[in-house]
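# What follows is a protein structure lacking sequence information:
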């Protein structure tokens, strides 16, 4: 038995993959790769959209804050203008009151001079003792105004002040 036995080569179908199956596997791998690339592209685009929306929201918030600051500045300027107008009104009222007091002052000065010339040397004492004795001292004005002395008369041009106030009231 020295001769070698040569067996024929047999291919068993279960050991090799059918060409149709190979084609399906290749198509499936390509489809999976395409899906992964598409998924990444969609995710990247969505993240860019979210970033753009956040930038837009930040810009809107900044513009709203800027608009609010402008509104607050306008309100502050308006309040300042109102305060200046009120101060000017107060100055005008004080000037008018001073002018009225100055007009009433000569009559009060005459009364004080008459009181001082009546022989009382201590006419300017203030307090309860002088009021109790009824001697000299302060003379009440006709209207009951308790102001001590009037301010010096203003040399301002009231017409110019009235024009300024009229420009604020428009």
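Arrived safely. Note that this is a predicted model, so its numbers are computed, not measured.
# Check the secondary structure at residue 3 for me.
coil (DSSP: H, G, I helix; E, B strand; the rest coil).
# quick one: it from residue 9, how far?
Separation of residue 3 from residue 9 (C-beta to C-beta, to the nearest Å): 19 Å. For every residue, glycine as well, the C-beta is placed using N, CA and C.
# just residue 46 next, same as before
Noted for residue 46: a distance of 57 Å to residue 9, by C-beta to C-beta.
# and residue 56, what element?
Using DSSP states H and E, the element containing residue 56 is helix 19-116.
# packing partners for that helix?
helix 158-169 (3 or more C-beta pairs under 8 Å, 6 or more residues apart in numbering; DSSP states H and E).
# any residues touching the helix it packs on, and which ones?
If you take C-beta atoms under 8 Å, 6 or more residues apart in numbering as the criterion, helix 158-169 is touched by 81, 84, 85, 88, 89, 91, 92, 95.
# Can you add pLDDT and distance to residue 66 and give these back as a markdown table?
Below are the contacts of helix 158-169 laid out as a markdown table (pLDDT from 0 to 100; distance: C-beta to C-beta, whole Å):
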| residue | pLDDT | distance to residue 66 |
| --- | --- | --- |
| 81 | 93 | 22 |
| 84 | 93 | 27 |
| 85 | 93 | 29 |
| 88 | 93 | 33 |
| 89 | 93 | 34 |
| 91 | 92 | 37 |
| 92 | 93 | 39 |
| 95 | 89 | 43 |
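# Would you list the buried entries among those residues?
Neighbour-count burial (16 or more other C-beta atoms under 10 Å) applied to the contacts of helix 158-169 gives 92, 95.
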